[in-house]
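>>> no sequence on this one, just coordinates:
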């Protein structure tokens, strides 16, 4: 009978193999843990960046452009004691935006308008050609009484220029309107919810308070005033004692599929006096135009986001 030989195990080799397996597992676990941590860090960074992009606010400029057909009535005693009335055309732009993204109580406003017309005297024997331009800049404070009702109140400084020509006059056929004013402004806005659309109603008013204006003396020629320097009585301080005016605009914004159209009526009433002459300008206009929000980018600090595409790129 043969005796079985006892099995001899190498304990040191077994322990070394176990140690090797444990070390390898720990190394793989640490590597996997690093990858997990790296992925979590990247996801967190992407989430924070996306959140910052969604929370970043941009200042939009509300732009309104309108064209209109007007019925003006002008009294200019320097050119004629008669009242001239007729038809004309007008163009208006109005831009408004907040000063800062985090403050929606104050906003700035800029306005520009052009107007022209042909007018006749009551006997239809003489005509007057008229051209006018006006630019203004101001600021408003926003009162939010309700969700649908808002009131804007503030001031606006403007520069006014007008050109009037009566070809029948031989000695003084032309008179210029030049003035600058500090105006009080007010705007009432109300949103009316319909079944499919929301109509935006506006009532805007503006009246001059203080200013400076050019009014030539009766019978004086422009040659005497500007060539010879006789302008002593041509420039006058204006206020409520010698200048009264009121601009009113009633409009409604109607949204369509891809645009918002504005329809409205504009009324202008102006009366001023100097050098014993009384001037008047009354005008009613039917206006139609569009309104939209826009944003501008430029320079190093106001770069467009990466998802904005420009033809300059």
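Thanks, I have the structure now. Keep in mind that this is a model prediction, so the values were computed, not measured.
>>> worst-scoring helix or strand of the protein, pLDDT-wise?
Lowest on mean pLDDT, DSSP states H and E among the helices and strands of the chain sits helix 11-55, with a mean of 56.
>>> please enumerate the strands of the stretch 51-200 of the chain.
Using DSSP state E, counting those that start in this stretch, the strands of the stretch 51-200 of the chain run over residues 61-75, 83-100, 103-120, 127-144, 149-165, 174-193, 198-214.
>>> do you know which of those strands lies nearest residue 312?
strand 61-75 (20.2 Å; Cβ to Cβ). For every residue, glycine as well, the C-beta is placed using N, CA and C.
>>> which elements pack onto the closest one?
strand 83-100, strand 103-120, strand 127-144, strand 260-274, strand 277-294 (3 or more Cβ pairs under 8 Å, 6 or more residues apart in numbering; DSSP states H and E).
>>> can you list the strands that it pairs with?
Strand 61-75 pairs in its sheet with strand 83-100 (antiparallel), strand 277-294 (antiparallel), by DSSP bridges.
>>> what is the orientation angle of the first one with strand 103-120?
I take that to be strand 83-100. 160 degrees (axes from the mean of the first three to the mean of the last three Cα atoms, to 10 degrees).
>>> verify the stated contact: residue 239 with residue 212.
No. Residue 239 is beyond contact range of residue 212, at 10.2 Å (criterion: Cβ atoms under 8 Å).
>>> coming back round to it: may I see the strands paired with strand 61-75 arranged in CSV, with mean neighbour count and distance to residue 252 as well?
Listed next are those as CSV, based on neighbours: other Cβ atoms under 10 Å; distance: least, Cβ to Cβ, whole Å:
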stretch, mean neighbour count, distance to residue 252
strand 83-100, 17, 15
strand 277-294, 16, 11
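>>> to residue 66, which of those strands lies closest?
The closest of the strands paired with strand 61-75 to residue 66 is strand 277-294. By Cβ to Cβ, the value is 3.0 Å.
>>> what's the mean pLDDT across the closest one?
The average pLDDT within strand 277-294 is 96.
>>> just how off-centre is it within its chain?
16 Å (Cα atoms, centre = their mean, to the nearest Å).
>>> cool, stretch 184-198 as well?
17 Å.
>>> who's in contact with that stretch?
109, 138, 140, 148-156, 199-207, 209, 254-255 (Cβ atoms under 8 Å, 6 or more residues apart in numbering).
>>> what sits against the residue positioned nearest the centre of the chain?
Centroid-nearest residue in the chain: residue 95, 1.6 Å away (criterion: Cα atoms, centre = their mean). Residue 95 makes contact with 61, 62, 63, 64, 109, 110, 111 under the criterion Cβ under 8 Å, 6+ apart.
>>> would you list these in a markdown table and tack on neighbour count and pLDDT?
Formatted as a markdown table, the contacts of residue 95 follow (neighbours: other Cβ atoms under 10 Å; pLDDT from 0 to 100):
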| residue | neighbour count | pLDDT |
| --- | --- | --- |
| 61 | 15 | 94 |
| 62 | 14 | 94 |
| 63 | 16 | 96 |
| 64 | 20 | 97 |
| 109 | 20 | 97 |
| 110 | 15 | 97 |
| 111 | 19 | 97 |
